[in-house]
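> would you be able to build a 3D model of this:
(4 chains)
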Protein chains: 2
Amino acid sequence: MDRDKLMDALVGQALPEWAIEVVSLNSVVAAQLGVTDTDVQCLHVLGQYGPATPGALARQVNLTSGSASRMIDRLESAGCVRRVPDAADRRKVLIEPTEEGLARVAAAYAGLVERTRADLSGFSDAELATVLRFVRSAASSTAASR
Amino acid sequence: MDRDKLMDALVGQALPEWAIEVVSLNSVVAAQLGVTDTDVQCLHVLGQYGPATPGALARQVNLTSGSASRMIDRLESAGCVRRVPDAADRRKVLIEPTEEGLARVAAAYAGLVERTRADLSGFSDAELATVLRFVRSAASSTAASR
DNA sequence: AGAAATTGCTGCGTCGCGCAGCGGAATGGT
DNA sequence: ACCATTCCGCTGCGCGACGCAGCAATTTCT
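Below is the predicted model of the structure:
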């Protein structure tokens, strides 16, 4: 298989199919946790980047501030999130994930993490580094396309 | 960086962050096209795997048959999709994407495709093959986790 | 031929979302 | 020091996507 074929197989097939599965999985996990797709996305953001204000969260998950406010209400009453007043700026509220919230999403993804580690066990160190380099650039390029 | 660090960087950071960006981008594209997140997901499925019945589509995008029916109504009146009766089984209806529908989603992702091709230009043929191998296994593992 | 299962489609209630507007808090200009 | 402006998060309100239950049409099983 020559270079162009490889490129096309990646950009035209493998990556789109993977993206479809990722989005689908998100829906399934959300239903499984009894919350909205947007809610799990919010929990992911909190888990990856730490506490954030409702406004920042709203921008991250592509919501208006009003909808973010109610999303936080849901997550809070579900015990996944906590509202903490910001001492430096008393208008702001910091949203931080609870241990239970993080544990619940982690549990939902435990199977996938396990499978992925198994997949990666067949790769050499150099290949792992290559994959890491690609995934990082892909994340960056995806973010730039928003 | 040793092997364990590489693994953790991938499974614990790079991959989750990429997934967050993918889901976010889907929302943005949906809003940009003036349709629902679910609708674009459906268009992706149709674009990747070809025509399908409403029932199969409903299972793919995690919807009930009733909701899928109305989703198809929306996509049809938006000119993105066509209902074609199945000659073999007259209960069934085949949903096939229109040229316009495929073109619209393709246009929405043109920027990302361009960026990704640019990213990949820095990879050797062997590295490309490694990435392809990983992406395929990841797609499969993600599908298995649903 | 009759019963049972399958497929897709419609009322109806629920709920997440955007929009517009609110009060409280910080910031800049005079 | 004062007031206007801006920013932040939070609430009414209507819209619309969704799940649930039930329907007719068709196929399949006995």
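> please save the CA atoms from stretch A:94-106 in PDB.
Only the C-alpha atoms of stretch A:94-106 are listed here, as PDB (Å, rounded to 0.1, in the frame of the first residue of the first chain):
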ATOM      1  CA  LEU A  94     -15.900  27.500  40.700                       C
ATOM      2  CA  ILE A  95     -17.300  24.100  39.700                       C
ATOM      3  CA  GLU A  96     -15.300  21.200  40.800                       C
ATOM      4  CA  PRO A  97     -16.000  17.500  40.300                       C
ATOM      5  CA  THR A  98     -16.700  15.400  43.400                       C
ATOM      6  CA  GLU A  99     -14.900  12.100  44.000                       C
ATOM      7  CA  GLU A 100     -18.100  10.300  43.300                       C
ATOM      8  CA  GLY A 101     -18.600  12.000  40.000                       C
ATOM      9  CA  LEU A 102     -15.100  11.200  38.800                       C
ATOM     10  CA  ALA A 103     -15.400   7.700  39.900                       C
ATOM     11  CA  ARG A 104     -18.700   7.200  38.100                       C
ATOM     12  CA  VAL A 105     -17.300   8.300  34.700                       C
ATOM     13  CA  ALA A 106     -14.100   6.400  35.300                       C
END
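> can you tell me the average pLDDT over that stretch?
For stretch A:94-106, mean pLDDT rounds to 97.
> near chain B, anything from it?
No - applying C-beta under 8 Å from any C-beta of the partner chain, one finds stretch A:94-106 separated from chain B by no less than 10.1 Å. Heads up, the C-betas are built off the backbone N, CA and C, glycines and all.
> so is that stretch next to DNA strand D?
No - Stretch A:94-106 stays clear of DNA strand D (C-beta under 7 Å from any atom of the strand), getting no nearer than 7.8 Å.
> what comes into contact with that stretch?
A:29, A:33, A:40, A:43-44, A:46-47, A:50-54, A:57, A:72, A:75, A:78-86 (C-beta atoms under 8 Å, 6 or more residues apart in numbering or on different chains).
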